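[1] Predicted model and sequence below, questions to follow.
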Amino acid sequence: MKNFRDVIGLVVAVVIGLAASSYVYRQMSQVTAAKPIEMKHVVAAAARLPLGTRIESQHLRYIPWPETEPIPGMFMKAEDVIGRALITSVVENEAILESRLAPKEGGAGLPVTIPEGMRALSVPVNDVVAVAGFVGPGTMVDVLVTGSVDGRGGGSNSVTRTILENIRVLAAGQKIEHDKDGKPQSVPVITLLVTPDDANKLAMASTEGRIQLALRNTIDLQTPSPAPVFRSTLFVGAPAPVVRRSAAALSKPAAPPVFVVEVIRGNQKETRTF
């Protein structure tokens, strides 16, 4: 009886194995017989291309791409890309997309990196102002200015205040791409991306005072707006000086007109002034 049960179990195992093998065979046959993926050729970068590059024919190549997986903005013809500039860098064999290109009339180089409504303004720096050369393209900075409240320079009216916060650096010298290894760069000027109003502030600060750049983390979006620091409070501990007003502002207002009234009460008469 025991041998009979063993035989039955063996037969059942063989049947299950055959069924599983048949199922796997049918699935594999369907995969093999499936329609091959249709491919098309799209325009891609032949090598790494930095931001601002005006694309030429030698910068491009064609790469295969699945017909069923298109990406919006892809190009099928190289002539549709040639002559336009990149607003971001691309790596080798990366598909060129419309979103990565400046308008055809936008030119090349630094101008294509400036969004509409913004301005690029350069300020002179040295290794101290530029945080030992670590202020480079793509970094974010705050701009501090030190000057005198009354414009005479020095004295207790000297003050340092933050005039701009979370400002993007567009270029260091003539380089518009950050060093891939993060190495510092000693440059004479730094170009910042600012609004037109901030451009006025920055121009005034760089000509009438001494500016200092404070490097910040690129993901730190806070704008604490720190209070200004006066020389008198920093070194002496005295209260911040009051800004002098002009003589016109301090002049006394004109006296009101005087009215004289004669008051008669019965047989009494008196004069009152208002």
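    Great, that's in hand. Numbers count the residues shown, from 1 in each chain.

[2] Now do the strands in the stretch 151-274 of the chain.
    Along the stretch 151-274 of the chain, counting by DSSP state E, counting those that start in this stretch, strands occupy 158-172, 189-194, 210-216, 229-230, 260-265, 268-273.

[3] tell me which residues of the second one are tucked away?
    In this case it means strand 189-194. Ile190, Thr191, Leu192, Leu193, Val194 (16 or more other CB atoms under 10 Å). Heads up, the C-betas are built off the backbone N, CA and C, glycines and all.

[4] And Val159, how far from Leu192?
    22 Å (CB to CB, to the nearest Å).

[5] how about the helices of this structure, start to end?
    With DSSP state H, the ranges of helices along the chain come out as 2-33, 196-208, 231-235, 247-250.

[6] any idea of the mean pLDDT for stretch 173-181?
    For stretch 173-181, mean pLDDT is 79.

[7] An error on my part: the question was meant for stretch 121-134.
    Stretch 121-134 shows a mean pLDDT of 88 in the predicted model.

[8] Give me the residues contacting that stretch.
    With CB atoms under 8 Å, 6 or more residues apart in numbering as the contact definition, stretch 121-134 has outside contacts at 135, 171-172, 182, 184-192, 194, 199, 202-203, 206, 211-215.

[9] Give me the neighbour count for Pro50.
    Neighbours of Pro50 under the rule other CB atoms under 10 Å: 12.

[10] who's in contact with Ile96?
    Counting by CB under 8 Å, 6+ apart, Ile96 has contacts Val43, Ala44, Ala45, Ile55, Leu60, Met74, Phe75, Val81, Val90.

[11] Correct me if wrong: the second one contacts Ile55.
    This points to Ala44. No - using CB atoms under 8 Å as the test, Ala44 is too far from Ile55 to be in contact (11.4 Å).

[12] which residues of the stretch 1-150 of the chain fall in strands?
    Going by DSSP E, counting those that start in this stretch, the stretch 1-150 of the chain shows strands at 39-45, 60-66, 119-124, 140-148.
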